[in-house]
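Q: Structure for this input, please:
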Amino acid sequence: MGFTGNVPLDSFSLPLLESILAFARPIRLVPGMVLQHRGSAATSHVFLASGLASMAVMLANGVVADVATFGSESMTGLATLLGQDTGNADCVVRIEGEGLRVPSRHLAELFRCSPEFRACILQLTQRQMSITAQICACNLHHQALSRLVRWLLTTADLTKSSSIPLTQDALAEMLGIGRPTVSLLLQPLFESGVVRGRRGTIQIIDRKGLLPLACECYDLVHRWTYPPAQNAAQQPLPDALWSQEAGKGLPRPHRSEIGVAEKPNCVVKDVFASSAPVAARANPLHA
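A: Model prediction:
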């Protein structure tokens, strides 16, 4: 696992990482917390280190459905950095975790001045657009059971845990289906032993047994989320390693030596004057 736990942050060159951490503040992510409201301008962005957030769209009749979920492999408010004034969906925390909050104004300046940061944001945006389009097609054309299994597997990958702390009510909202339907869909999975449910938690017992029940969208979303060139530490964990503790001690992503400033008039404040390596400093999440 990298220094911050967030994949994009831990892939940045040292100067770029430090220029972001200079303005970062730790934030505790609580289920139900709205990180960005639809129709409102983003004042900050959150780089998730753990937990899960989703982009939730609400229709006029009050029905809510998630069109994208992400964890430590991404960040909030990508559209704002590309010039969109307000978001068209709520960014909601679904599974508790930690993250780093950075002011939008600072990241907007980095997007303008740093080719390294800009390239990362464009790549993350392209990935999110592809995943969102696929999930929309999935919601329209695939059976509810296949969608449910796809969501369970994807969430386990993103959180690096086979135990998913989520109630059936929350799961129904995220999938855009009724609570009774979720219960009916989970029942055969419980009976077959591939998953287990208890006190607001769904635990995957047999991942291999679940895979054939998922729709094609799981493989596609997985491929886009974890491209071959990405650090192997972010790949889904082997069945034998799926646990709350899995993922610790994994290799740190490679850091390039790309500079921050592209234009002479772009000045990015760097308050980390120490020459000590980043790994030797305190984790910003616990500052």
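
Q: CA only for contacts and neighbour counts going forward, please
A: Will do.

Q: can you give me the strands for this structure?
A: 25-29, 34-36, 44-48, 52-58, 64-70, 90-95, 97-103, 163-164, 195-198, 201-204 (DSSP state E).

Q: quick check: longest helix of the chain.
A: helix 115-141 (DSSP state H).

Q: on contacts alone, who are the packing partners of that one?
A: strand 64-70, helix 78-81, helix 104-113, helix 217-225 (3 or more Cα pairs under 8 Å, 6 or more residues apart in numbering; DSSP states H and E).

Q: Buried residues of it, list them for me.
A: Buried residues in helix 115-141, counted by 16 or more other Cα atoms under 10 Å: 115-118, 120-122, 124-125, 127-128, 130-132, 134-135, 138-139.

Q: go on, stretch 158-175?
A: 158-166, 168, 171-175.

Q: Okay, and which of those residues map to helices?
A: 158-159, 168, 171-175.

Q: Same list (the residues you listed) but as TSV, adding distance to S54.
A: Below are these laid out as TSV (distance: Cα to Cα, whole Å):
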residue	distance to S54
L158	12
T159	13
Q168	16
L171	12
A172	14
E173	11
M174	8
L175	11
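
Q: from those, which is closest to R25?
A: Nearest to R25 among these: T159, at 21.6 Å, using Cα to Cα.

Q: The closest one: what's it in contact with?
A: Neighbouring residues of T159 by Cα atoms under 8 Å, 6 or more residues apart in numbering: 50-52, 71-72.

Q: try P165
A: 95, 200-202.

Q: make it 6 Å
A: Neighbouring residues of P165 by Cα atoms under 6 Å, 6 or more residues apart in numbering: 200-201.

Q: Let me see the confidence value for it.
A: At P165, the model reports a pLDDT of 94.

Q: Equivalent analysis for D10, please.
A: Predicted confidence (pLDDT) for D10: 95.

Q: Could you find the closest non-adjacent residue to H142?
A: C215 (7.2 Å; Cα to Cα, 6 or more residues apart in numbering).
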